[in-house]
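1. predicted model, plus sequence, below.
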Amino acid sequence: MRSAVWEKPTATSGGFLSHHPTTVIMLCVFVPMVAISALGWLHADTLRNVVPIELTNFDSLLVLLASVLHSSIRPDSWGPMLQALGVLHGPDRDLLYQVLFFTGHVRFQYPPTSLISLDLLSTLGISSFRALNAINLVVYFFNVGATGFLMWLLFGGRDRMVGRGNPGLHPSGMVAIGIVAAFTFYPDVRADVLGQIQVWIDFLFTCAVMGWVLGWRLLPGILIGLACTIKPQFGLLLLWGLLWKEWAFSGAILVGLVPVAAVSLFRYGLKAHLDYLNVLAFLSRHGESFFANNSVNGILNGYLSSSNSLYWDALRFTPYNPVVYAGTAAASALVLAVIVYLPLSGHKTRPGIADFGVASICTVIGSPVAWEHHYGILLPLFAVTLKYLLDQSPRPRRGTKLVCLGVSWILVANFIPFSNFLARTPFSVLQANLFFGALLLLVLLLNWGRASRKTLTT
């Protein structure tokens, strides 16, 4: 087994953060969430005329908690996926995407490989929205538990066992913060409330980060490979691993992906898989104008599309706009360049968790459609970045970075309903708060990776 990512925390001295870090972290994580939700409730009557979904984090959380007693029937993923299975098991199986996506305007935007697990569950008689959302809720709680364990790994659990650790950080307190943060993290909550298979991806990714922290490469690779069967954009991590010559990680991705792909090809046929490329091409040309699309495409559509960004049109896709398409393509090319450039300029060093985080964020922000729930994978990356910054020697630059991390957290972890007042104004770009929060976290991880390589090569 490889050594862990961090060998020994750097002792800190001076300042309230240094003496009471657990308390400060708790306040920074939860006070903004409470404040934004309180303001949302205070102005609820006004917001209801503008915001087309639950008004605040806590409103979404209440919906999630209600589903514990009475399973949700929201079908955001399950509806299109079950319809896709119906087509594949019928006479039009060779016309899957033509029938559903292009003609029926059903937003089935997943590859056929995503249907294997649902096909198995349907065979077992588990195919109702309530049953699938109940499974989602279980996976959601698994992800909460995995985040808590990751916090234990990062913040002193193992260090205390061998006589090391930062005396100001309380492992039990950090674990509690991690659990509550995971339970209330808006992209994750939103995914579960919608009935989104993204909940499964979030859990797989959290476990992959956990494995990477432990120095493993095989398990993270297998988990990313499984995530690729649902969200092909994660396939960029295979390219990333090959360029870094991380053979174990790259091979493990294939171990997770290829068997599922083989079963999918045998069961659904080659044509369905090839036709999925037409869906990807269509999405890159059109994207989505609804405000929840936190991507370059969503931002440009907010300015240039004739569609109302506050209205979800389930029957019409956003009209093609050449300027929007050019901007979308440029954003995708830029993140691909980042993914390719870093390993090629790595100077024979090995990639760290920061490099893995950079590539992972790029798979989200470079997509034409990056819904709010797609940012759920950022949660464990916030944890590892916080660990890195707290282990640095106290100096002004570290303080600035911690403030940037806090701002990034506020933008990503919270639904900010007031930004929707900016729709159809010159400031509508601010509706994409998750996108800009992810960019800020990306910059911090890039800086961390650069500093790590500089240390290794000097």
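-> Cool, got the structure. Residues are numbered from 1 along each chain as shown.
2. in the stretch 251-400 of the chain, which spans are helices?
-> 270-286, 296-304, 322-344, 353-365, 378-390, 396-413 (DSSP state H, counting those that start in this stretch).
3. can you pull out the helices in the stretch 101-250 of the chain?
-> Under DSSP H, counting those that start in this stretch, the stretch 101-250 of the chain gives helices at 116-123, 129-154, 157-161, 171-184, 186-194, 198-213, 218-228, 236-243, 247-268.
4. rank those helices by mean pLDDT and give me the bottom one.
-> The weakest mean pLDDT among the helices of the stretch 101-250 of the chain belongs to helix 157-161, with a mean of 54.
5. okay, now the unreliable bits of the protein?
-> Applying pLDDT under 70 to the chain flags residues 1-18, 157-168, 346-348, 454-458.
6. could you measure from the most far-flung residue of it relative to its centre over to P112?
-> In the chain, the residue that sits farthest from the middle, by Cα atoms, centre = their mean, is P91; the gap is 36.3 Å. Using Cβ to Cβ, to the nearest Å, P91 is found at 17 Å from P112. In this view, the C-beta of every residue, glycine as well, is placed from N, C-alpha and C.
7. so which of the helices of the stretch 101-250 of the chain comes closest to F101?
-> With Cβ to Cβ, the closest approach to F101 among these belongs to helix 247-268: 14.9 Å.
8. count the residues that sit near A281.
-> 10 (other Cβ atoms under 10 Å).
9. how about a markdown table for the helices of the stretch 251-400 of the chain, with distance to I224 added?
-> Shown next, in a markdown table, are the helices of the stretch 251-400 of the chain (distance: least, Cβ to Cβ, whole Å):
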| stretch | distance to I224 |
| --- | --- |
| helix 270-286 | 19 |
| helix 296-304 | 24 |
| helix 322-344 | 14 |
| helix 353-365 | 9 |
| helix 378-390 | 13 |
| helix 396-413 | 21 |
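10. wait, which of the ones you listed is closest to N57?
-> Using Cβ to Cβ, those put helix 396-413 closest to N57, at 8.0 Å.
11. and the closest one, what other elements does it pack with?
-> helix 21-42, helix 186-194, helix 378-390, helix 433-456 (3 or more Cβ pairs under 8 Å, 6 or more residues apart in numbering; DSSP states H and E).
12. try 7 Å this time
-> Packing partners of helix 396-413 (3 or more Cβ pairs under 7 Å, 6 or more residues apart in numbering; DSSP states H and E): helix 21-42, helix 378-390, helix 433-456.
13. out of those, flag the one nearest R398.
-> helix 378-390 (6.1 Å).
14. who does the closest one touch, helix- and strand-wise?
-> Using 3+ Cβ pairs under 7 Å, 6+ apart, helix 378-390 sits against helix 129-154, helix 198-213, helix 353-365, helix 396-413, helix 433-456.
15. repeat that for 10 Å
-> helix 21-42, helix 129-154, helix 171-184, helix 186-194, helix 198-213, helix 353-365, helix 396-413, helix 433-456 (3 or more Cβ pairs under 10 Å, 6 or more residues apart in numbering; DSSP states H and E).
16. figure out how far it is from the centre of its chain.
-> Once both centres are worked out by Cα atoms, centre = their mean, to the nearest Å, helix 378-390 turns out to sit 14 Å from its chain's centre.
17. so it versus helix 171-184, what angle?
-> 150 degrees (axes from the mean of the first three to the mean of the last three Cα atoms, to 10 degrees).
18. what angle do helix 378-390 and helix 198-213 make?
-> 30 degrees.
19. just the CA trace of helix 378-390, in CSV.
-> Extracted as CSV, the C-alpha positions of helix 378-390 are listed here (Å, rounded to 0.1, in the frame of the first residue of the first chain):
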residue,chain,number,x,y,z
LEU,A,378,-17.3,18.3,-5.1
LEU,A,379,-18.2,17.5,-1.5
PRO,A,380,-15.2,15.2,-0.7
LEU,A,381,-12.9,17.5,-2.6
PHE,A,382,-13.9,20.3,-0.2
ALA,A,383,-12.8,18.0,2.6
VAL,A,384,-9.4,17.2,1.2
THR,A,385,-8.7,20.8,0.3
LEU,A,386,-9.6,21.9,3.8
LYS,A,387,-7.2,19.4,5.2
TYR,A,388,-4.4,20.6,3.0
LEU,A,389,-4.9,24.3,3.8
LEU,A,390,-5.1,23.7,7.6
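20. can you state the direction angle for that helix and helix 186-194?
-> 160 degrees.
21. make JSON lines from the helices and strands packed on helix 396-413 and add distance to T229 and mean neighbour count to it.
-> Shown next, in JSON lines, are the helices and strands packed on helix 396-413 (distance: least, Cβ to Cβ, whole Å; neighbours: other Cβ atoms under 10 Å):
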{"stretch": "helix 21-42", "distance to T229": "33", "mean neighbour count": "17"}
{"stretch": "helix 378-390", "distance to T229": "20", "mean neighbour count": "24"}
{"stretch": "helix 433-456", "distance to T229": "24", "mean neighbour count": "19"}
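22. as a markdown table, the ones you listed with distance to L150 would be great.
-> Compiled in a markdown table, the helices and strands packed on helix 396-413 are given as follows (distance: least, Cβ to Cβ, whole Å):
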| stretch | distance to L150 |
| --- | --- |
| helix 21-42 | 15 |
| helix 378-390 | 6 |
| helix 433-456 | 16 |
